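>>> Got a predicted structure here, sequence first:
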Amino acid sequence: MTIVRILNGYVGGWAPGDIVKDAPEGLIEIARDGVKNLATGELIAEIIEGDSNGSGDTSEREQQLQIELNESKNREAELLAQIAELQSKSDNGEADDEVKELKATAKELKIPGYTKMDAEELKKAISAAGGDGDGK
């Protein structure tokens, strides 16, 4: 929270001597930049408590944090994509193992055309040929 004292002139709804707690950005900039009254040459406002650099540093910090947040979100998206790819490969590996077992069973049962069948077709053919249909 930044507190600004109005020194000279009227700024917005504030008069000389007013102390503005949690001052708005525009008033903080006036105080930080040392804006002077054109008629008298005196400072219009001064920061009496808070960041003497005003929100300039805060803005830079906020920008840096936003950049870091965006980088983190991008990295998270990359990692999630990698996880999905690895899970897909793992799932396909299990499916491939199942198909291999089913084809081995179909070969033992001498089912014609088993090499061109998918898992479901193999299960049906094995069941029809008198096997248990699960490749075992």
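In hand now; what should we look at?
>>> tell me which residues in stretch 26-46 are buried?
27, 28, 30, 31, 32, 43, 44, 45 (16 or more other Cβ atoms under 10 Å). In this view, the C-beta of every residue, glycine as well, is placed from N, C-alpha and C.
>>> Likewise for stretch 63-73?
The neighbour-count check on stretch 63-73 (16+ other Cβ under 10 Å) flags nothing as buried.
>>> same deal with stretch 5-12?
Under the neighbour-count rule (16+ other Cβ under 10 Å), stretch 5-12 has 5, 6, 7, 8, 9, 11 buried.
>>> and the buried residues of stretch 26-46, which two are the farthest apart?
By the measure Cβ to Cβ, 28 and 43 form the most distant pair in the buried residues of stretch 26-46, at 13.7 Å.
>>> Spell out the secondary structure type for the residue nearest in space to the middle of the chain.
The residue lying closest to the centre of the chain (Cα atoms, centre = their mean) is residue 73, at 3.1 Å. When classified by DSSP: H, G, I helix; E, B strand; the rest coil, residue 73 comes out as helix.
>>> other SSEs contacting the worst-scoring helix or strand of the chain on mean pLDDT?
Here the helix or strand of the chain ranked lowest by mean pLDDT, DSSP states H and E is helix 55-108, holding a mean of 81. Applying 3 or more Cβ pairs under 8 Å, 6 or more residues apart in numbering; DSSP states H and E, we find helix 55-108 packed against helix 25-33, helix 119-128.
>>> what's the angle from it to helix 119-128?
For helix 55-108 against helix 119-128, the angle by axes from the mean of the first three to the mean of the last three Cα atoms, to 10 degrees is 30 degrees.
>>> Next, the angle helix 25-33 makes with helix 55-108.
120 degrees.
>>> on that earlier part again, let me have the helices and strands packed on helix 55-108 in JSON lines, extended by mean pLDDT and distance to residue 84.
Putting the helices and strands packed on helix 55-108 into JSON lines (pLDDT from 0 to 100; distance: least, Cβ to Cβ, whole Å) gives the following:
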{"stretch": "helix 25-33", "mean pLDDT": "90", "distance to residue 84": "43"}
{"stretch": "helix 119-128", "mean pLDDT": "89", "distance to residue 84": "22"}
